[in-house]
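Enquirer: Sequence first, then the predicted structure, then my questions.
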Amino acid sequence: MSQDATTRRPGYLVKRVQQAFRQASDERLRPIGLSMSQYAVLAALAANPGASSAELARRCFVTRQSLRDVLAGLKTAGLVAVAEEASTGRARPVRLTATGESRLKEAERVVAEVEERMLAGMPESERRRLAELLSVCAENLAAEDR
């Protein structure tokens, strides 16, 4: 398969868009003291208050070790708090602090601006269709893992 044909394959394009989106988001998040990985963890915590580290790792598509590193930075910055004791078993719940909630709001605005730039010139109907198609792709791959 030629290089040109490879670069038109959907899997390649998904990866290219993901990389470009992450890079653009990281650049825009840097001035507010966050990375895209940190934003993902803050957003996951907002959606799942008190989640365990294992649950956060699954929701953010990272390994537990990677999550530990991200959480350490967020904790040092005062954006998250980790319970001193486990509520059940060994899992210690993690929660956003007030500062974390505020920073997340800022980050959501920044990421929405990057997303809008990515979708520029695309009518709303095509945006919805793109989201539907990507959801189908994700569900198809997740079904294979079950």
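Expert: Noted; the coordinates are in hand. Residues are numbered from 1 along each chain as shown.
Enquirer: In terms of pLDDT, where does Cys60 sit?
Expert: pLDDT recorded at Cys60 is 89.
Enquirer: can you check the one 4 residues further on too?
Expert: Among the per-residue scores, Arg64 holds a pLDDT of 87.
Enquirer: Where does pLDDT dip in this structure?
Expert: Along the chain, segments meeting pLDDT under 70 span 1-3, 85-91, 144-146.
Enquirer: Would you state the strands of it in chain order?
Expert: 80-82, 94-96 (DSSP state E).
Enquirer: Point out the most buried one among the ones you listed.
Expert: Of those, the one with the most neighbours on average (mean count of other CB atoms under 10 Å) is strand 94-96, at a mean of 20. Bear in mind the C-beta positions are built from the backbone N, C-alpha and C, glycine included.
Enquirer: That strand - contacts with which helices or strands?
Expert: For strand 94-96, the packing partners by 3 or more CB pairs under 8 Å, 6 or more residues apart in numbering; DSSP states H and E come out as helix 36-47, strand 80-82.
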